[in-house]
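# Need coordinates for the following:
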Amino acid sequence: MLRRLLLTTAVSATAALSTVPSATAGTPSDAPGVFPVPVASPAGPAPALPAGPSSLFPAGASSLSAAAYGVALPALMPPPARPEDSADRLTVTVHDVGGGADGTFELACHPAGGSHPHAAEACDRLDRMTTWGKDTFAPVPPDTLCTMQYGGPATAHVTGTWAGRPVDARYDRSNGCEISRWNALEPLLPGARP
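I've put the predicted structure just below:
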């Protein structure tokens, strides 16, 4: 009974892993839409498993079936193909701030650059605000009690990538919480003008 269970599990795993990208760089996969992922094993190539009654894998199963358990599965998410895909880059669009601060600005960090008027200061501020496990651009939680004050008609939209995560955040100055959230990101977002 145990042997039948092991054999059934091995055959099921082999069938499921046939859709996993191969563990050897450049080896094509038979699954449609699946592309090979370059993976290096610290132990080197996996040894071929003997086929036969004592083997966990059926005859004809490649060593990829066994190696995939420890090598291919963690590599399902390949690294960015282009260096600019992993960079900290943001687009900041600001409306109704006044004082000539309205517009769309590009911000690149590490190193600081782009069309943002205060790129170095904005990058420094974001670096200080970034904490592992917390979203720097998180909205105000819906159950938060906020003062009913109005900070003006200014709005902002920030998109891009920060700390390896996609960003799509909107800002306004409609109440005390939103004003504080905006002010926390100065100089990424411009200071409000009366």
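
# Gly99 - that's part of a strand, no?
No - applying DSSP: H, G, I helix; E, B strand; the rest coil, one finds Gly99 to be coil, outside a strand.

# pLDDT below threshold where in the protein?
Low-confidence regions of the chain, defined by pLDDT under 70, span residues 1-86, 193-194.

# Strands of that one, residue ranges please.
Assigned by DSSP state E, the strands in the chain fall at 88-95, 103-109, 155-162, 165-172.

# Tabulate those (JSON lines), appending distance to Thr147 and mean neighbour count.
(Each C-beta comes from the backbone N, C-alpha and C, glycine too.) Shown next, in JSON lines, are the strands of the chain (distance: least, C-beta to C-beta, whole Å; neighbours: other C-beta atoms under 10 Å):
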{"stretch": "strand 88-95", "distance to Thr147": "23", "mean neighbour count": "18"}
{"stretch": "strand 103-109", "distance to Thr147": "29", "mean neighbour count": "17"}
{"stretch": "strand 155-162", "distance to Thr147": "19", "mean neighbour count": "18"}
{"stretch": "strand 165-172", "distance to Thr147": "15", "mean neighbour count": "14"}
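
# now these as TSV including distance to Ala192?
Converted to TSV, the strands of the chain look like this (distance: least, C-beta to C-beta, whole Å):
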stretch	distance to Ala192
strand 88-95	10
strand 103-109	15
strand 155-162	11
strand 165-172	11
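
# who wins for proximity to His118 among those strands?
Closest to His118 of the strands of the chain is strand 103-109 (C-beta to C-beta; 9.1 Å).

# According to the record, where do the domains of this structure fall?
The record's domain parsing of the chain by automatic domain parsing lists 2-75, 83-184.

# nearest to Gly133, of the strands of the chain?
strand 165-172 (11.3 Å).

# helices and strands around the closest one, which ones?
Applying 3 or more C-beta pairs under 8 Å, 6 or more residues apart in numbering; DSSP states H and E, we find strand 165-172 packed against strand 155-162, helix 176-184.

# and the shortest one, C-alpha only, in PDB?
Written as PDB, here are the backbone C-alpha positions of strand 155-162 (Å, rounded to 0.1, in the frame of the first residue of the first chain):
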ATOM      1  CA  THR A 155      -4.200  66.400  -5.500                       C
ATOM      2  CA  ALA A 156      -1.400  64.100  -6.400                       C
ATOM      3  CA  HIS A 157      -0.900  60.800  -8.000                       C
ATOM      4  CA  VAL A 158       2.300  58.800  -7.500                       C
ATOM      5  CA  THR A 159       3.100  55.700  -9.700                       C
ATOM      6  CA  GLY A 160       6.100  53.600 -10.400                       C
ATOM      7  CA  THR A 161       8.300  51.300  -8.300                       C
ATOM      8  CA  TRP A 162       9.700  51.800  -4.900                       C
END
